[in-house]
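Enquirer: got a structure for you, letters missing:
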């Protein structure tokens, strides 16, 4: 046999035999690879998988693409049946309209502040509760966990009216329905009356306080999920870590802040991302907490932008289908502008989102 | 003598041990304190209120001073009776909502498991695909979801109301905006395809609905994908290595290793999906009930609670059935 020549021979369906000396050139390696039938199947599978992923990605992204495309259209383009994605008359007037006439930046700043503070509080509280549930065997541990799941299962829509009533006459530990039958002002009501005799009740409607109350208590939107995720994470942290800290004389809380919290950072980032972005795009709680909001009253948030757009454009839209279409396009543009900061944040943070959950060692 | 000695020795020891446990337990209470306070002072009153409303009529009366006053009138199970016997649509809407739930949950679970398995493999552009697949988790809630709903209803309204060019353009933009709303495959084509394959009509309908709902299914399976991905990552690579050495194919490895190991996650996801899809506002039953609440507060609340209880029943059922199939890896 020629010693310098490489011989590639096919033995069975999935097996090849290669005789060679020294290094194989790229061409020869390729040849060897292509001779196995396995390679072809693998290539086909890869292509199929890639196309499938591409298709699903398209389904996910297309609504956004079409909304962005629609945001550059003039009124004439919107009703023109020959225009579907690319505008004939490129314009920024929709953006200008939303920014100048709908206080977009006010809403942006307010929403950013609210979401940031609320998300920080929620992450911290979920961390506390999750750690307590995962690592301490106190009486009623299981009951508390069941309550966490319970708060997740009862939809807040079911409670929305009760929440509104509760806010209009804010009090703690006392159902409003008892008040009607007993004619009792409640703790907060009594204190308010004592400070200012003309007042018998405190209204928290149209303010941001309820957001904070719900966050501090771990009752806000999907907080049950955060508590569950963090509990699962803390269950995976070995007990020896804390035990050694206790032996070294560190207290429970010191151990928690110095050792446990730094460990949980990836998971906390995931939870923070969830709560931040869900608070940002929230509309339901806004509609409950600001049910009686008048124009120009209270804090101007993102859902107000959409409300204002639909009110100011809605008058003509009732009779005119063109105006109706244009209104929905502008609403979509407003929607895209609302989530634009989120998308930018997501681009930077998406790897933490997956990482946090991947490292969590989540087990059922 | 010796007895008393033992007692004096053991008693303080026991005492000290108990106090350490008590100390730890107390710390545990401190950790969950915010939540307990929330439950006791905020959640429970609201919950009781909501239940009371479902048992009573809510009337606004003018009292002696001439100011309107809210009065609750207890009516017992009237509202529940109304929901089941008198209300024309409620039972139908409830059943169709629950049907949707049963249709949606397996689809979301299977889809998210499939995507999670694919995203867990090494492939071209994996990082980009991962980023894209989790976009719905972050963004497609709240405002965006309701905007999508608005679009669909408005576009259909306008196409019904207007004739000629306006209607045409309306349907056009509808098609452009709403990939999910428009039919991707038509029922007739698929029926022709399956006509001779002896599969049941139900299956065909199910598959067609599935494909036409693909947009929603993708949008609603973000968190589930994340949880599955986490579960897949926690399976130790040694097991796969052993499988490879023993000559198992990818298919066998999936069913004999990945699937049992991921089964706890399937339960978690099933429960989460049930909760998520029944608390969604765009849900048929939810939309109907929120309309009813606007009409009559008491009756609406009663309907909410009936709906809630039936879903709790479903969750219990799902949990009971699935927990018998779940494999828990024993850890030392």
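Expert: Perfect, I can see it now. What you see is a predicted model; the values in this text were computed from it and never measured. Residues are numbered from 1 along each chain as shown, chains lettered A, B, ... in the order given.
Enquirer: Poorly predicted segments of the chain, please.
Expert: As the question left the chain open, I've gone with chain A. A:1-5, A:13-14, A:37, A:169-202, A:295-298, A:314-319, A:357-364 (pLDDT under 70).
Enquirer: other chain: chain B
Expert: B:1-20, B:60-71, B:140-199, B:329-332.
Enquirer: the strands in it, which residues?
Expert: Along chain B, counting by DSSP state E, strands occupy B:56-62, B:68-74.
Enquirer: try chain A
Expert: A:7-10, A:16-19.
Enquirer: how near is residue B:98 to residue B:33?
Expert: Going from residue B:98 to residue B:33 by Cβ to Cβ, to the nearest Å gives 38 Å. From N, CA and C alone the C-beta is placed, and that goes for glycine too.
Enquirer: Between these two, point out the one with more neighbours.
Expert: residue B:98 (18 against 13; other Cβ atoms under 10 Å in any protein chain shown).
Enquirer: Skip the chain neighbours and tell me the closest residue to the more buried one.
Expert: In space, and not counting its chain neighbours, residue B:98 is closest to residue B:310: 6.5 Å by Cβ to Cβ, 6 or more residues apart in numbering or on different chains.
Enquirer: Neighbours of the one you found, how many?
Expert: 16.
Enquirer: Next, work out how far apart it and chain A are.
Expert: 12 Å (Cβ to the nearest Cβ, to the nearest Å).
Enquirer: Tell me, how many residues neighbour the residue of the stretch 101-250 of chain A found nearest chain B?
Expert: Nearest to chain B, among the residues of the stretch 101-250 of chain A, is residue A:217, at 2.3 Å (Cβ to the nearest Cβ). If you count neighbours by other Cβ under 10 Å, residue A:217 ends up with 23.
Enquirer: Pull the contacting residues for it.
Expert: A:125, B:34-35, B:37-39, B:41-43 (Cβ atoms under 8 Å, 6 or more residues apart in numbering or on different chains).
Enquirer: same question, residue B:266
Expert: Here residue B:266 is in contact with B:109, B:113, B:322, B:326 (criterion: Cβ under 8 Å, 6+ apart).
Enquirer: before we move on, the earlier item: in terms of contact, does the residue nearest to residue B:98 touch residue B:94 like I think?
Expert: Yes. In this structure, residue B:310 is within contact of residue B:94 by Cβ atoms under 8 Å, at 6.8 Å.
Enquirer: longest helix anywhere in chain A?
Expert: In chain A, taking DSSP state H as the definition, the longest helix is helix A:321-359.
Enquirer: who touches residue A:15 in this structure?
Expert: Residue A:15 is in contact with residue A:36, counting by Cβ under 8 Å, 6+ apart.
Enquirer: how about the nearest residue to residue 277, chain neighbours excluded?
Expert: Just going to use chain A. Per Cβ to Cβ, 6+ apart, closest to residue A:277 is residue B:138, 4.4 Å.
Enquirer: Oops, wrong one, chain B.
Expert: residue B:104 (5.4 Å).
Enquirer: before we move on, what about residue B:292?
Expert: residue B:300 (4.2 Å).
Enquirer: My guess is that neighbour contacts residue B:288. True?
Expert: No. Shown here, residue B:300 and residue B:288 do not form a contact pair, counting by Cβ under 8 Å, at 9.7 Å.
Enquirer: Which residues are in contact with each of these two?
Expert: By Cβ under 8 Å, 6+ apart, no residue touches both residue B:300 and residue B:288.
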